[in-house]
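Peer 1: Sequence first, then the predicted structure, then my questions.
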2 protein chains.
Amino acid sequence: MNRGRTFIVSGPSGVGKSTVLNALLARRQNVFFSVSATTRAARAGEEDGVHYRFLDVDTFRQWIARDEFLEYAEYVGNFYGTPKRYVDAAMDQGQDVILDIEIQGAIQVKSKRPETVSIFVAPPSWSELERRLTERGTDSPEKIQKRLLRAKVEFQTAHTYNYFVINDNVENAVRELDAIMTAEHCKPQERMEIITGP
Amino acid sequence: MNRGRTFIVSGPSGVGKSTVLNALLARRQNVFFSVSATTRAARAGEEDGVHYRFLDVDTFRQWIARDEFLEYAEYVGNFYGTPKRYVDAAMDQGQDVILDIEIQGAIQVKSKRPETVSIFVAPPSWSELERRLTERGTDSPEKIQKRLLRAKVEFQTAHTYNYFVINDNVENAVRELDAIMTAEHCKPQERMEIITGP
């Protein structure tokens, strides 16, 4: 059995990343979706281990001290991070791991594990992203403009990603993500032992 | 319309490359299969432009002098080569180009055009390759041993390829080649203009 690989999937708010990832998980076998750890309190309906892994601040700090996170950040007074242990256990079992994280986290993971594959999910255009954020109806016009500006600023560093998937429609985006995962398992370092073995 | 990309597909005699490539061409749109030029005489049933592009020696030498080949070689007194013009015309029309060439040709193409994607089709094992060559029934046992030795020698340089596809069964191999072609179109340099455009 080959060890699994880790895939970072990033993209701006409103791009439709959750829809695409859910469809990908329904389509592809042997994929483990990494659940982030956080110190913030669980909201109504949130389950431990499903939406987040809820940790107290002392535990989170201990894990930081023990280098137990692939990436972490503090945001509005709470910690968020990706614990290594679940990722490594899944990869050891031959599962590919999806990390749904932002660009700052992606940079941390890539610096620790350069073999990680990073994928940026982009909107077909900025006007389409604005349309989707507006249609969602959860943000004020000011908030939408803030999100758009943030997306454009983040996009300046997006060229460091290994792949770009344009979410023009969900089926295309899922097909491309699926193809990227398959293709990455065809890299020579994943395959040499098959033919050089006994 | 995006420009097409060029994919080198190499693999040892007997690996089943032709079967896989025919199935790939049936499955995938917008793919141009490059037909080699040669100075050898056409055999019965061979059509110009389908099996080979038949050139006289003077024309072939002129094309060499004008740098009109992506790669070429002399083999048992005849020239064989990949003319640039048809490859470039297909790419300009947005077609992906498949070059079914050997490792020496692959090295030449990669040195001229490093952006070319190279894929090595490997057998699941050496014993399986021997079995397939024997089953084909076209070669003597001595010839089969020569082919196997050649395959093993060539395999020493195969780590320079970008991807490895194991032809354990045709459907798997085609799925992987298809995925590689899709994934390569998701590389940032292929996608930047979509989101940075107007």
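Peer 2: Received the coordinates, thanks.
Peer 1: Now do whatever helix or strand A:Gln108 lives in: everything it contacts.
Peer 2: Here A:Gln108, judged by DSSP states H and E, is contained in helix A:103-112. Defining contact as CB atoms under 8 Å, 6 or more residues apart in numbering or on different chains, one finds that helix A:103-112 is touched by A:6, A:8, A:10, A:70-73, A:82, A:99, A:101, A:116, A:118, A:154, A:157-158, A:160-161. Any C-beta I mention is one placed from the backbone N, CA and C, and that applies to glycine too.
Peer 1: all strands for chain A, in order.
Peer 2: A:6-10, A:31-33, A:37-38, A:53-54, A:69-75, A:78-83, A:96-100, A:117-122, A:163-166 (DSSP state E).
Peer 1: Using a markdown table, please lay out those together with mean neighbour count and distance to A:Lys143.
Peer 2: Listed next are these as a markdown table, based on neighbours: other CB atoms under 10 Å in any protein chain shown; distance: least, CB to CB, whole Å:
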| stretch | mean neighbour count | distance to A:Lys143 |
| --- | --- | --- |
| strand A:6-10 | 24 | 20 |
| strand A:31-33 | 18 | 27 |
| strand A:37-38 | 20 | 22 |
| strand A:53-54 | 16 | 27 |
| strand A:69-75 | 18 | 16 |
| strand A:78-83 | 20 | 20 |
| strand A:96-100 | 21 | 21 |
| strand A:117-122 | 24 | 21 |
| strand A:163-166 | 24 | 24 |
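Peer 1: Chain B is nearest to which of those strands?
Peer 2: strand A:163-166 (3.8 Å; CB to the nearest CB).
Peer 1: just to revisit the earlier point, ok, and of the contacts of helix A:103-112, which contact chain B?
Peer 2: A:Ala158, A:Tyr161 (CB under 8 Å from any CB of the partner chain).
Peer 1: and the closest residue to A:Lys17 other than its chain neighbours, what are its phi and psi?
Peer 2: Leaving aside its sequence neighbours, A:Lys17 sits nearest to A:Gly11 (CB to CB, 6 or more residues apart in numbering or on different chains; 4.5 Å). As for A:Gly11, its main-chain torsions (degrees, to the nearest 10) stand at phi 170, psi 160.
Peer 1: Give me the most central residue, chain A.
Peer 2: Centroid-nearest residue in chain A: A:Asp100, 1.9 Å away (criterion: CA atoms, centre = their mean).
Peer 1: Bridge partners for that residue, pull those for me.
Peer 2: A:Val9 (DSSP bridges).
Peer 1: quick one: contacts for it?
Peer 2: A:Val9, A:Ser10, A:Lys17, A:Ser18, A:Leu21, A:Phe33, A:Ser34.
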